[in-house]
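Undergrad: My questions concern the predicted model and sequence given below.
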Amino acid sequence: MARAAVIGAGIGGLTAAVALQRRGWDVTVFERAASLEPVGSGLAVAANALKALDTIGAGDEIRELSAVQGSGGIRRADGRWLVRTSVEATSARNGGDSVVLLRRADLVDALLSRLKPGTVRLNTEVTGADAEKGLVTHPGGHTEADLVVAADGIRSPVRATLFPGHPAPRYAGVTSWRVLMPAEGVPGQAYESWGRGRVFGVMPLAGGMCYCYATDTVPEGGGGGDQLAELRRLFGDWHSPIPELLAAASPEKVLRNDIRHLATPLPAMHRGRVALLGDAAHAMTPNLGQGACQAIEDAVVLAHVVGDGEEFTGRGRGNGGDDLLAGYTAARLERTSRIVARSAAICRVTRMRGPLTVRLRDTMMALSWRLTPSSVNGAMDEVFGWTPPSG
């Protein structure tokens with residue numbers, strides 16, 4: 001039986017573990033955290049990721065756990081709509097799916113429930129990975145694997161080892177806040193509101209909860225103090241229900257992180273027996289809502305490429321082998337690079353602060369929607385229309 005070592009028990013790593021086990025691999029997931037406590041944030045799972053989850057038998061459960069993103073769009077800080085999107089139009093283009101919204105913890109639990117007992121080794125930090133030999137180094141010694149999946153996040157030590165001269169992820173110019181809160185009285189539609197260098201997003205979830213996120217154009221390295229008070233200061237005079245949502249939030253639920261992305265694409269998403277996946281391979285800004293979705297895509301494509309692992313077990317370790325995963329890079333690098341660049345471009349537009357440039361931006365967005373609404377509703381077709389490999 002082929003053996004796989006997955007580094008990181010995030011969404012991408014867990015999806016890869018499930019997909020590989022379904023193809024007959026013996027999988028061990030190494031996670032440095034002592035427990036998989038739920039992260040207090042929400043998640044948008046778009047049609048492309050739902051189709052990928054269908055291939056591992058998880059799509060329907062995620063649909064049932066989620067709220068469907070209703071017709072929404074982009075608003076100004078005063079509430080005026082700039083762009084409206086249609087869930088019906090998106091669903092019609094993508095086999096009945098559009099975007100569903102749920103707690104990140106619910107997706108993690110759904111993936112964990114599909115793994116064999118003992119698959120995940122907590123409190124085990126991987127300190128090195130040998131691409132040619134398939135060796136993973138950790139405090140307990142070494143684990144030999146036919147395939148190593150590096151899903152170790154935006155600061156991936158494995159990526160730095162495989163591509164030591166490659167530029168690290170850089171600050172995108174904005175910091176972000178995330179918070180879960182009660183959603184009583186919140187309309188069942190998701191939208192973003194854009195101001196001068198600031199964004200506030202509202203995502204109603206199932207179970208009477210709402211996930212909100214916000215960004216501001218500030219120097220990196222901030223934080224500390226009462227972050228809920230900071231959100232109320234920045235967005236307390238924006239349109240309803242933003243002030244009401246912030247009034248219902250709890251300070252301990254607010255998460256703040258600077259946003260970084262891998263602006264320069266990697267030359268490949270693999271080396272030897274190691275495949276990079278998710279943020280480790282293509283960290284992106286959150287503006288398209290595709291970070292987790294692309295990690296899920298990576299995972300099911302990787303499992304398809306490696307199959308049952310027969311070729312991996314038949315190839316001696318230490319004798320090259322870059323071609324083993326060449327199909328994975330060929331299938332994923334160009335697509336993910338385009339999505340990273342597109343998301344970064346939207347991020348730059350949200351960072352506009354000058355009164356005249358913001359007015360021009362808003363005017364152009366509103367005109368585009370009014371004159372060519374079909375192009376607005378179809379803007380994500382290339383992303384959502386992806387189809388997972390079969391067989």
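TA: Sure, I can see it.

Undergrad: how close does the closest residue to residue 289 other than its chain neighbours get to residue 262?
TA: Spatial nearest neighbour of residue 289, excluding adjacent residues (C-beta to C-beta, 6 or more residues apart in numbering): residue 44 at 4.3 Å. (C-beta placed from N, C-alpha, C; glycine too.) According to C-beta to C-beta, to the nearest Å, residue 44 and residue 262 sit 21 Å apart.

Undergrad: got it, and residue 17?
TA: Going from residue 17 to residue 262 by C-beta to C-beta gives 23 Å.

Undergrad: if we can go back for a sec, got a list of what the residue nearest to residue 289 touches?
TA: By C-beta atoms under 8 Å, 6 or more residues apart in numbering, residue 44 lies in contact with 69, 99, 100, 101, 190, 203, 289, 293.

Undergrad: which residues touch the helix or strand harbouring the fourth one?
TA: Pointing back at residue 101 there. Residue 101 is located in strand 99-103, with elements delineated by DSSP states H and E. Strand 99-103 has contacts (C-beta under 8 Å, 6+ apart) with 38, 41-47, 50, 62-63, 65-69, 87, 90, 180, 190, 203-206, 209, 211, 289.

Undergrad: Pull the distance from it to the chain's centre.
TA: Strand 99-103 sits 12 Å away from the centroid of its parent chain (C-alpha atoms, centre = their mean, to the nearest Å).

Undergrad: One more: stretch 223-239?
TA: Per C-alpha atoms, centre = their mean, the centroid offset for stretch 223-239 relative to its chain is 25 Å.

Undergrad: I'd like the mean pLDDT over that stretch, please.
TA: Averaging pLDDT along stretch 223-239 yields 94.

Undergrad: Stretch 249-256 too?
TA: 92.

Undergrad: Need the contact partners of that stretch.
TA: With contact meaning C-beta under 8 Å, 6+ apart, stretch 249-256 is reached by 39-41, 175-181, 212, 222-223, 226-229, 231.

Undergrad: Can you flag which of these belong to strands?
TA: Residues from these lying in strands, with DSSP state E as the criterion: 175, 176, 177, 178, 179, 180, 181, 212.

Undergrad: hang on, isn't the first one packed against residue 218?
TA: Yes: between residue 175 and residue 218 a contact is recorded at 5.5 Å, counting by C-beta atoms under 8 Å.

Undergrad: just for the protein, where's the confidence low?
TA: 38-39, 86-96, 185-188, 316-321, 376-377 (pLDDT under 70).

Undergrad: can you pull out the strands in the stretch 151-300 of the chain?
TA: Here the stretch 151-300 of the chain has its strands, by DSSP state E, counting those that start in this stretch, at 170-182, 191-194, 198-204, 209-216, 255-261, 270-271, 274-276.

Undergrad: want to throw those strands into JSON lines with distance to residue 380?
TA: Listed next are the strands of the stretch 151-300 of the chain as JSON lines, based on distance: least, C-beta to C-beta, whole Å:
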{"stretch": "strand 170-182", "distance to residue 380": "20"}
{"stretch": "strand 191-194", "distance to residue 380": "14"}
{"stretch": "strand 198-204", "distance to residue 380": "16"}
{"stretch": "strand 209-216", "distance to residue 380": "18"}
{"stretch": "strand 255-261", "distance to residue 380": "19"}
{"stretch": "strand 270-271", "distance to residue 380": "28"}
{"stretch": "strand 274-276", "distance to residue 380": "25"}
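
Undergrad: Let me know which of these is tucked in deepest.
TA: Highest mean neighbour count of those: strand 274-276, a mean of 29 (counted as mean count of other C-beta atoms under 10 Å).

Undergrad: That one packs against which elements?
TA: strand 147-150, helix 157-162 (3 or more C-beta pairs under 8 Å, 6 or more residues apart in numbering; DSSP states H and E).

Undergrad: and these, which is most packed in?
TA: Most buried of those, by mean neighbour count (mean count of other C-beta under 10 Å): strand 147-150, with a mean of 30.

Undergrad: Keeping just the C-alphas, turn that strand into CSV.
TA: Taking Å, rounded to 0.1, in the frame of the first residue of the first chain, the C-alpha atoms of strand 147-150 are listed here in CSV:
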residue,chain,number,x,y,z
LEU,A,147,4.2,11.0,-1.3
VAL,A,148,4.5,14.1,0.9
VAL,A,149,1.7,16.7,0.7
ALA,A,150,2.8,20.1,2.1
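
Undergrad: quick one: the spatially closest residue to residue 210 that is not a sequence neighbour from residue 144, how far?
TA: Once flanking residues are discounted, residue 210 sits nearest to residue 183: 3.4 Å by C-beta to C-beta, 6+ apart. From residue 183 across to residue 144, the span is 48 Å (C-beta to C-beta).

Undergrad: Compare these two and say which is more crowded by neighbours.
TA: More crowded of residue 183 and residue 144, by other C-beta atoms under 10 Å: residue 183, with 23 against 13.
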